[in-house]
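# Sequence and computational prediction follow.
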2 protein chains.
Amino acid sequence: MKSSPRLRGVFSPVITPFAADLSPDASRLVRHCRWLISQDVGLAVFGTNSEANSMSVPEKMTLLDALVEAGVPSDRMMPGTGCCALTDTVELTRHAVRHGAGGVLMLPPFYYKGVSDDGLFASYADVIERVADARLRIYLYHIPQVSQVPISLALIERLLKAYPGIIAGIKDSSGDWGNTKAMLERFQPQGFDVFAGSETFLLANMRAGGVGCITATGNVNPGAIAQLYRTWQQPDADAQQKALDAVRNTFQQFPMIPALKAAVAHFAGDAGYATVRPPLVRLNPQQNADLLAALQATEFSMPGL
Amino acid sequence: MKSSPRLRGVFSPVITPFAADLSPDASRLVRHCRWLISQDVGLAVFGTNSEANSMSVPEKMTLLDALVEAGVPSDRMMPGTGCCALTDTVELTRHAVRHGAGGVLMLPPFYYKGVSDDGLFASYADVIERVADARLRIYLYHIPQVSQVPISLALIERLLKAYPGIIAGIKDSSGDWGNTKAMLERFQPQGFDVFAGSETFLLANMRAGGVGCITATGNVNPGAIAQLYRTWQQPDADAQQKALDAVRNTFQQFPMIPALKAAVAHFAGDAGYATVRPPLVRLNPQQNADLLAALQATEFSMPGL
């Protein structure tokens, strides 16, 4: 079986729409994914900003089935599959690989804190051995401020040595450029692809040999972020970066996931997109008005949504 | 339908045995649960020390089914049912209630950090509304050093007001006696039952009006801990507490879960109990020898195991 080309470019952890009864809403998800693809942004479905861990394993599998059935291209997908339970991670990963996903984004098991690299290595190794599929491409997910379980450089080195090709890269959401730089220097030459955890570091990451970014605000500003990815070697790249930063800064003044959903709801003219699952709460009316006013002030829009 | 008497006394987050292929081992679990019940210790199956979050929802339901089928009394059980995903928590909670569990121990959703009390309230409220069973008794699970999502006094107050009777109590694993004391003073008079998170605070908790403790070392030292619970008003209570502390201190010199499993494996004469799931790792041979030597030095035993 041939393996697909490596994933590169801009990906978005796609927001997951929920119906009023909080059930996952496949049709709104399909619509949003199609728009992202039309903007040249790949689909890191089931990421942190997708409220992935607020959904059960069967709910996520059903959504992925629905996307594939709707013709959303699975080779442009990097589903999040890392759970606390080894067996859940195996089930989601196997399902994603069988659907032809270009890769999977894998959190370490995140319930226990202060676990050893031996334990994390065993966890990733067990998943790889159980899935046992040469098409598997794992992107490690380093987001210590949320998972509280960091992925160390030493762990990456061990995993790359044991599973070259399968350990394909990382999303570094630490927000620590020094850490991203160390990964780029040590591991990118071995074919370990480093995605910045947001567009804040997209230009820096490309200049240092990285392959793109995976970013929450890809849900709302995909075209402009993808444009910088394609043209980062052009003279206006720094100006583009500055414009991206301004949009991101606006969203960062609000709880990110509810704000992304509120913006999509507004620009899609469909209030249904704003629903979140507990423990998150939607923006209150004042926050919603403030967000829209701030976006309007910068002439922000979501063309084609 | 009549509701059972409230849970009181000493409970143990029962270690979950795994087979060599890491599948949950129902027969060894049944054996250990029967021994704990024989020692007058209740069964907080699927707690932190049970590696509950390292198992899938179907794995936990299958284990609970097996326990009930084996005649282990469900009214002496307080299964852990709190997951990151609302729908998982609902499914496990409904299953436990239908099996007649005396209560459930419910973590807050723990993936997102820094969530609001509004979001946590909505999370518990949604579970209660969806399970919709008057037999439901929820014990909140406050273990901020692991979950990183604390349960505040303000949240308890709101929940108690909205769902009196259903919000039955708490396990306070913070290790912060000031916090436990505040819960006892503010909420125990309203019938909100406070369990200390370990036997370290058992005597203090009983003297201040609490109802017992839920403790990892209940897996290995159940008889003596239950004895202090029954006789805490006797003159030798402080001496008993001191003896319990000595045993616990020995275990705390090692990674707790692997150490509990190693001790059970040794005293049951069944090495199969020592297996853990990643990301945990079993004691290495030196640690194992050190643990057994330390226990031997205190003439520790597990009578009847």
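It's in.

# all contacts plus neighbour counts: C-alpha atoms, from now on.
Noted.

# And the strands in the stretch 51-200 of chain A?
Ranges of strands in the stretch 51-200 of chain A, per DSSP state E, counting those that start in this stretch, are A:104-106, A:138-142, A:167-172, A:193-196.

# Any stretches of the stretch 1-150 of chain A with poor pLDDT?
A:1-4 (pLDDT under 70).

# change it to 90
The stretch 1-150 of chain A contains residues with pLDDT under 90 at A:1-5.

# List, one by one, the residues from it near chain B.
Counting by CA under 8 Å from any CA of the partner chain, the stretch 1-150 of chain A comes close to chain B at A:53-56, A:84-88, A:109-113, A:115-116, A:118-120, A:122-123, A:146-147.

# Write the ChimeraX selection for whichever of these are buried.
Here is the ChimeraX selection string for the buried members of the residues of the stretch 1-150 of chain A next to chain B, based on 16 or more other CA atoms under 10 Å in any protein chain shown:
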select /A:53,54,55,56,84,85,86,87,88,109,110,111,112,113,115,119,120,122,123,146,147
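
# just checking, which of the residues of the stretch 1-150 of chain A next to chain B belong to helices?
A:L86, A:T87, A:D88, A:D118, A:G119, A:L120, A:A122, A:S123, A:V146, A:S147 (DSSP state H).

# For A:V247, see how far away A:A294 is.
Per CA to CA, to the nearest Å, A:A294 is found 9 Å from A:V247.

# just so I have it, where are all the helices in chain A?
A:26-38, A:57-69, A:86-98, A:117-131, A:144-147, A:153-162, A:177-187, A:202-207, A:222-231, A:237-252, A:256-268, A:285-297.

# Just tell me which of those ends up closest to B:A162.
Nearest of those to B:A162, taken as CA to CA: helix A:285-297 at 24.7 Å.

# Can you name the residues in contact with that closest one?
A:V247, A:T250, A:F251, A:F254, A:A259, A:A262, A:A263, A:S301 (CA atoms under 8 Å, 6 or more residues apart in numbering or on different chains).

# which among those end up buried?
A:V247, A:T250, A:F251, A:F254, A:A259, A:A262, A:A263.

# Which single residue of the stretch 151-300 of chain A approaches chain B most closely?
At 4.1 Å from chain B, A:P279 is the closest residue in the stretch 151-300 of chain A, using CA to the nearest CA.

# Which residues are in contact with the residue nearest to that residue when sequence neighbours are not counted?
Leaving aside its sequence neighbours, A:P279 sits nearest to B:G119 (CA to CA, 6 or more residues apart in numbering or on different chains; 4.1 Å). For B:G119, the contacting residues are A:P278, A:P279, A:L280, A:V281, by CA under 8 Å, 6+ apart.

# okay if I get the residues you listed as a markdown table plus neighbour count and pLDDT?
Converted to a markdown table, the contacts of B:G119 look like this (neighbours: other CA atoms under 10 Å in any protein chain shown; pLDDT from 0 to 100):
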| residue | neighbour count | pLDDT |
| --- | --- | --- |
| A:P278 | 25 | 98 |
| A:P279 | 26 | 98 |
| A:L280 | 22 | 98 |
| A:V281 | 20 | 98 |
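
# and those, which of them are in strands?
Per DSSP state E, strands hold no members of the contacts of B:G119.

# mind putting those in a markdown table, distance to A:A289 included?
Shown next, in a markdown table, are the contacts of B:G119 (distance: CA to CA, whole Å):
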| residue | distance to A:A289 |
| --- | --- |
| A:P278 | 22 |
| A:P279 | 22 |
| A:L280 | 19 |
| A:V281 | 16 |
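
# Looking at those residues, which is nearest A:F192?
Closest to A:F192, out of all of those and judged by CA to CA, is A:L280, at 33.8 Å.

# Nearest to chain B: which residue in the stretch 101-250 of chain A?
For the stretch 101-250 of chain A, CA to the nearest CA, closest residue to chain B: A:G119, 4.1 Å.

# need the contact list for the residue of the stretch 151-300 of chain A closest to chain B.
Contacts of A:P279 (CA under 8 Å, 6+ apart): B:P109, B:Y112, B:V115, B:S116, B:D118, B:G119, B:L120, B:A122, B:S123.

# returning to what we had before: between which two of the buried ones among the contacts of helix A:285-297 is the distance greatest?
Between all members of the buried ones among the contacts of helix A:285-297, the farthest pair (by CA to CA) comes out as A:V247 and A:A262, at 14.7 Å.

# follow-up on the earlier one: so for the contacts of helix A:285-297, which is the shakiest by pLDDT?
Across those, the smallest pLDDT goes to A:S301, namely 94.

# what's the closest non-adjacent residue to the residue nearest the centre of chain A?
The centre of chain A sits closest to A:P13, judged by CA atoms, centre = their mean, with a distance of 3.4 Å. With sequence-adjacent residues excluded and distances taken as CA to CA, 6+ apart, A:P13 is closest to A:A44, at 4.4 Å.
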